[in-house]
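Enquirer: Task: produce atomic coordinates for the following.
(one chain, ligands or ions: 1)
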Amino acid sequence: MMKSKNISFTFSEYESLEEIDPCDRELVLSARKAAENAYAPYSHFKVGAAVRLESGVVVSGSNVENAAFPSGICAERNALANASSNHPGDKPVALAIMAATSSGLTEDTVSPCGNCRQVIAEEEIRNGNKIRVILGSRKKIRIIESAGDLLPLQFNRNDLELTLH
Ligand code: THU
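Expert: Below you'll find the model as predicted:
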């Protein structure tokens, strides 16, 4: 018998940075700062991501493009790779994203691309905790309580049914 199923999630939206938790605000500001370090000569779209670790440490990343386009990497994956490589065992608990064009910070929020959603979701599974995603922009801030919400019916390591170390 066919069944219709529905997946939905709730997220919060704010009009200004003053409305959000000070720790989240600090993370958004770190992401904004990281966007300034982007190397984006092809798209001129500068993205910054900042990850808060369980210990309170904040690490950031920006997008780094390449003349061979697929060799470029997004800000989110750079930030998470930085965290995993330099702070092993310190779990990411939140990730903020800010983006800018040649006219300045984007008016609306920018969401992580599909590849980055997959990578953020793996961090949640790997560490067994949710990662809050905080999307900043000039006009609004959106907070999603779990990165997994952005990737319903996700493929993850449990599907491989392997013993992972
Ligand atoms: N980009 C990111 O860094 N993060 C996103 O969430 C979206 C896209 C980068 C990739 C590329 O360097 C540029 O933005 C335009 O797609």
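
Enquirer: burial count for Glu26?
Expert: Neighbour count for Glu26, taken as other Cβ atoms under 10 Å: 16. In short, each C-beta sits where N, CA and C put it, glycine included.

Enquirer: From here on, call the first residue 132.
Expert: Sure thing, new numbering starts at 132, so read that last one as Glu157.

Enquirer: My read is that it contacts Val189, right?
Expert: Yes. Between Glu157 and Val189 there is a contact at 7.3 Å, judged by Cβ atoms under 8 Å.

Enquirer: Which secondary structure element is home to the nearest residue to Val250 once chain neighbours are set aside?
Expert: Nearest non-adjacent residue to Val250, counting by Cβ to Cβ, 6 or more residues apart in numbering: Arg208, 5.3 Å away. Taking DSSP states H and E as the definition, Arg208 sits inside helix 206-217.

Enquirer: Against which helices or strands is the following helix or strand past that helix packed?
Expert: Sequence order places strand 223-232 as the next helix or strand after helix 206-217, per DSSP H and E. Helices and strands touching strand 223-232, by 3 or more Cβ pairs under 8 Å, 6 or more residues apart in numbering; DSSP states H and E, are helix 153-166, strand 177-184, helix 206-217, helix 245-258, strand 263-266.

Enquirer: What lies in contact with the first one?
Expert: Judged by Cβ atoms under 8 Å, 6 or more residues apart in numbering, the contacts made with helix 153-166 from elsewhere in the structure are 148-149, 151, 177-181, 183, 189, 191-193, 206, 210, 225-231, 236, 263, 265, 267, 272, 274.
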